[in-house]
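Engineer: Give me a model of this one.
(2 chains)
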Number of protein chains: 2
Amino acid sequence: MLIHPVILCGGSGTRLWPMSRGGYPKQYLKLTGENTLVQQTALRLRGIADVASPIVVTNNEQRFLVAEQLRQIGTTTSSIVLEPVSRNTAPAIAIAALMALRESPESLLLVLPSDHVIAGEAAFVKAAEAAAQIAKDGYLVTFGITPTEAHTGYGYIRAGAQLLDDTQAFAVDTFVEKPDTATAQRFLADGGYYWNSGMFMLKASTFMEELRTFEPEIAQQAELALKAAKHDNDFVRLDAEAFSASPNVSVDHAVMEKTRRAAVIAVSDLGWNDIGSWTALAEIAARDGEGNALLGDVLTESVSNSYIRAEHRLVAAIGLDNVVIVETADAVLVAHRDQAQDVKKIVAQLNAMGRHESVTHRRVVRPWGSYEGIDSGDRFQVKRIEVSPGAQLSLQMHHHRAEHWIVVKGTALVTNGENETILTENQSTYIPLGVTHRLMNPGKIPLELIEVQSGAYLGEDDIVRFEDTYGRVPKA
Amino acid sequence: MLIHPVILCGGSGTRLWPMSRGGYPKQYLKLTGENTLVQQTALRLRGIADVASPIVVTNNEQRFLVAEQLRQIGTTTSSIVLEPVSRNTAPAIAIAALMALRESPESLLLVLPSDHVIAGEAAFVKAAEAAAQIAKDGYLVTFGITPTEAHTGYGYIRAGAQLLDDTQAFAVDTFVEKPDTATAQRFLADGGYYWNSGMFMLKASTFMEELRTFEPEIAQQAELALKAAKHDNDFVRLDAEAFSASPNVSVDHAVMEKTRRAAVIAVSDLGWNDIGSWTALAEIAARDGEGNALLGDVLTESVSNSYIRAEHRLVAAIGLDNVVIVETADAVLVAHRDQAQDVKKIVAQLNAMGRHESVTHRRVVRPWGSYEGIDSGDRFQVKRIEVSPGAQLSLQMHHHRAEHWIVVKGTALVTNGENETILTENQSTYIPLGVTHRLMNPGKIPLELIEVQSGAYLGEDDIVRFEDTYGRVPKA
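Structural biologist: Below you'll find the predicted structure:
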């Protein structure tokens, strides 16, 4: 009975803008501590007995991001499944269930969103093991969080009969949609209600049985999409046509609310938070004597109960109470702490304006490393490029721009037309417009270089790729 | 009877940090409209009859800044006087008076701080001409602003007998130090009290007579400092020893409060503001229907009565009332509007920490143009350099760094050791460590280039200058 963790990474979080972006959702951010949320999600699996390498479900845009972040913490994935389109959680879990069933008919799935905080790692391991005990008997187990306040932002689960004597495991009586304040207060007073955390322990075979009963089309399209999937490096690329045809339904609606085999493990000591807003993050952050969480280069005078985060430069605050300030390289958010959830309205404004600040950061992560625009003007732009040891960019050509490269750290192997040269710190080269070129880091330390581009058109889409290590050359 | 404007530029304003800096005070900022405050000060002289070119009093650090800003608006200065140390306004005005007296014994001085806003230019011209009428009869005339509120941040002037029938010119009864709120309210209710604006119309000969009577040492040291002054391009460099020996006294304390020849021109329609804080600037800024002044790239949701200024990137504000947000390339200020004056405490913190953000901007103005640090890391930094048409940097050498230059706009004439070459857009050169070099813009449009520096030490002080157009080569 092996537990297969399923880490759901498909989300495109904008609720923590400007740190989270459409192309860089919150699971990839270091919001609490030294690791990103998806790294924390993978790391908290370590203590669980009989746990397999995780199946990661994500999309094409995020594939290198998640692969690199898991590589950094030494996590080997079983597969990284790429959804061609987003179809909510039921189809994603169905794919994972089918993959796990190939290993064994007894396989369990531990389904985990990638963007939650869980402070109590030991409690999580204990809860997961208790959930596994019930799941192996055919229950579909959800993790219910004992409420600490009358929160109106979560769905609730009403517990029924106790299933095991020595654990907090109950049959599910009913699922309740996000309540109003009065109802949430009643739930809190009455007891026996739990927040629906979105984490599950499922017996794969039971899940598929129930799915075939309640949402046969999801089950069928998942089978087709997986059967026709293409394997590309570490990635499993689901068949686009089949997967797109699947109904777009959450696992709650598709199965959990309908099945008679739902159970809930009630946990009160997880320190769980789904960080749905800056307000939520401010609540769990460590605070000083004035109730402030000050992160980065922050100076204050007469500031209280505020969350101030400087990612990139100095932030000075004076005479403020209950504010959230988040500073990044290209955008600054200042919000009243009680209205930080309205950041979605700012993101909507940015999207309507077609602006990049809702989608990308100034620093852009690529499979070979990253680049960051550091200056631009009429007919030129300047980038700082970092190439990981052993990595290489595609063999490429630009129609509209020439490039100067100056190595400032490490060693570069440069293909420039017919020539190949090694450049070290403080050496430079020039790539004329139209010349085929390639950049590689043959060394053991990161390569950093400054690129100055000149030309009439400097868009990222002026690139013709001839060869690419990362499968980014369009098929002829 | 010629009026000599005296523009006092010595201040080191930090009250509008982070836009104003120790090395870039507020008179050099575009705070209201298209011109900087010192430019506005020079431009509002245009309508006055019999006005000479201004005498500018500043210091060594600001000399190129003020010269360049006045050049940009086509103002010819009579002299730019450099104070070796700051000795408050009495010695500065004494120097100007002595210079004006060389022209004529009848000379008048129109003394103007360089960092005030005056919205009513016509009223200013009218007031100046009325002041000149009284001043030529030997009065030392101060401009008194009719109070519009019980302000406790200004000194007040109590008017005595009316001097002329058809103007608001009075003998000064007494000068009153900054009052408490109750006293300020009484002044406002009683009438006949005016804010002391710090602007004066003085007969130079009368001023020197009174100064010799009340502060003979200031008069004497001014004479010595001017006599031994050195002329350096357009600059008059006062003798350091003599000027430093002068008492450090304001013109109010030294002369105006003691003389029996003080008069006040009462003006109510100047639209005068000394912009002593962001709060003051917020009050005079144009506001939208929500009472907001939004400047630059700003998005808001539910924000009111706020002053938000984005100089460099996007600022988004949500759910705020009565705040000031000022964003610059290297620092962000967020303050409650009523506590913005406490920015001085932030500046004090920065000074105590020895940080540059209280002193310099990321973009640094030089006599030949400007440079801006756009990136830096271990053993390298990247600058964007702009050289004005016809300008050149000093012939120089660095002991610890090599430089790559890539021209992105305009044309460069580069001296590199023994060679001289012309570089145009998209061409580059390399200056090895220890090689004597020079950069010049021989063209008619600004030259822009990207400089990548490599080396173990990259401080601005690693520079040996051999020749300099701007007198910056140390004397042997």
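Engineer: could you say what helices and strands the one helix or strand residue A:241 maps to packs with?
Structural biologist: According to DSSP states H and E, residue A:241 maps onto helix A:240-244. For helix A:240-244, the packing partners by 3 or more Cβ pairs under 8 Å, 6 or more residues apart in numbering or on different chains; DSSP states H and E come out as helix A:216-227. Bear in mind the C-beta positions are built from the backbone N, C-alpha and C, glycine included.
Engineer: How far off centre is the helix it packs on?
Structural biologist: Distance of helix A:216-227 from its chain centroid, counting by Cα atoms, centre = their mean, to the nearest Å, is 24 Å.
Engineer: following it, which helix or strand comes up?
Structural biologist: Following helix A:216-227 in sequence, per DSSP H and E, is strand A:230-232.
Engineer: quick one: average pLDDT of the helix or strand where residue A:93 lies?
Structural biologist: Per DSSP H and E: residue A:93 is located in helix A:89-103. Helix A:89-103 shows a mean pLDDT of 97.
Engineer: C-alpha coordinates for it, CSV please?
Structural biologist: Taking Å, rounded to 0.1, in the frame of the first residue of the first chain, the C-alpha atoms of helix A:89-103 are listed here in CSV:
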residue,chain,number,x,y,z
THR,A,89,-9.2,19.3,-9.8
ALA,A,90,-11.4,16.3,-10.7
PRO,A,91,-9.7,15.6,-14.0
ALA,A,92,-6.2,16.3,-12.6
ILE,A,93,-6.8,13.8,-9.7
ALA,A,94,-8.2,11.3,-12.2
ILE,A,95,-5.0,11.4,-14.2
ALA,A,96,-2.9,10.8,-11.1
ALA,A,97,-5.2,8.0,-9.9
LEU,A,98,-4.8,6.2,-13.3
MET,A,99,-1.1,6.6,-13.1
ALA,A,100,-0.9,5.3,-9.5
LEU,A,101,-3.1,2.3,-10.4
ARG,A,102,-0.5,1.2,-12.9
GLU,A,103,1.8,0.7,-9.9
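Engineer: Contacts for the helix or strand following that helix, please.
Structural biologist: Next helix or strand after helix A:89-103 toward the C-terminus (DSSP H and E): strand A:108-113. Contact with strand A:108-113 is made by A:1-8, A:11, A:41, A:45, A:48, A:51, A:89, A:93, A:96-97, A:100, A:128, A:131-132, A:135-136, A:198-204, A:207, A:251, A:274, as judged by Cβ atoms under 8 Å, 6 or more residues apart in numbering or on different chains.
Engineer: What residues sit buried inside the helix or strand where residue A:420 lies?
Structural biologist: According to DSSP H and E, residue A:420 maps onto strand A:419-424. Of all the residues in strand A:419-424, those buried under the rule 16 or more other Cβ atoms under 10 Å in any protein chain shown are residue A:423.
Engineer: if we can go back for a sec, what about the helix holding residue A:241, average pLDDT?
Structural biologist: Per-residue scores along helix A:240-244 average to 97.
Engineer: picking that back up, ok, which of the contacts of strand A:108-113 also contact chain B?
Structural biologist: The subset of these lying close to chain B, counting by Cβ under 8 Å from any Cβ of the partner chain, is empty.
Engineer: residue contacts, the residue lying farthest from the centre of chain A?
Structural biologist: Each residue of chain A has a distance to the centre, and by Cα atoms, centre = their mean the biggest one is for residue A:418: 41.2 Å. Going by Cβ under 8 Å, 6+ apart, residue A:418 touches no other residue.
Engineer: Same check on residue A:20?
Structural biologist: Residue A:20 makes contact with A:13-14, A:26, A:29, according to Cβ under 8 Å, 6+ apart.
Engineer: By neighbour count, which of those residues wins?
Structural biologist: Among the contacts of residue A:20, the one with the most neighbours (other Cβ atoms under 10 Å in any protein chain shown) is residue A:26, at 26 neighbours.
Engineer: could I have stretch A:304-324 exported to PDB, CA atoms only?
Structural biologist: Output of stretch A:304-324 as PDB, limited to C-alpha atoms (Å, rounded to 0.1, in the frame of the first residue of the first chain):
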ATOM      1  CA  SER A 304       1.800  49.500  13.900                       C
ATOM      2  CA  ASN A 305       0.000  46.300  12.900                       C
ATOM      3  CA  SER A 306       1.400  46.400   9.400                       C
ATOM      4  CA  TYR A 307       3.000  44.000   7.000                       C
ATOM      5  CA  ILE A 308       5.800  45.600   5.100                       C
ATOM      6  CA  ARG A 309       7.900  43.700   2.600                       C
ATOM      7  CA  ALA A 310      10.800  45.200   0.600                       C
ATOM      8  CA  GLU A 311      12.000  42.800  -2.000                       C
ATOM      9  CA  HIS A 312      14.200  45.100  -4.000                       C
ATOM     10  CA  ARG A 313      14.900  48.500  -2.400                       C
ATOM     11  CA  LEU A 314      14.300  50.700   0.700                       C
ATOM     12  CA  VAL A 315      10.800  51.200   2.000                       C
ATOM     13  CA  ALA A 316      10.200  53.800   4.600                       C
ATOM     14  CA  ALA A 317       6.900  54.100   6.400                       C
ATOM     15  CA  ILE A 318       5.600  56.800   8.800                       C
ATOM     16  CA  GLY A 319       2.500  57.100  10.900                       C
ATOM     17  CA  LEU A 320       0.600  54.100   9.600                       C
ATOM     18  CA  ASP A 321      -1.600  51.500  11.200                       C
ATOM     19  CA  ASN A 322      -2.900  48.300   9.600                       C
ATOM     20  CA  VAL A 323      -1.400  48.600   6.200                       C
ATOM     21  CA  VAL A 324       0.200  46.100   3.800                       C
END
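Engineer: Do any residues in that stretch lie close to chain B?
Structural biologist: Yes: Stretch A:304-324 reaches chain B (Cβ under 8 Å from any Cβ) through A:310, A:313-320, A:323.
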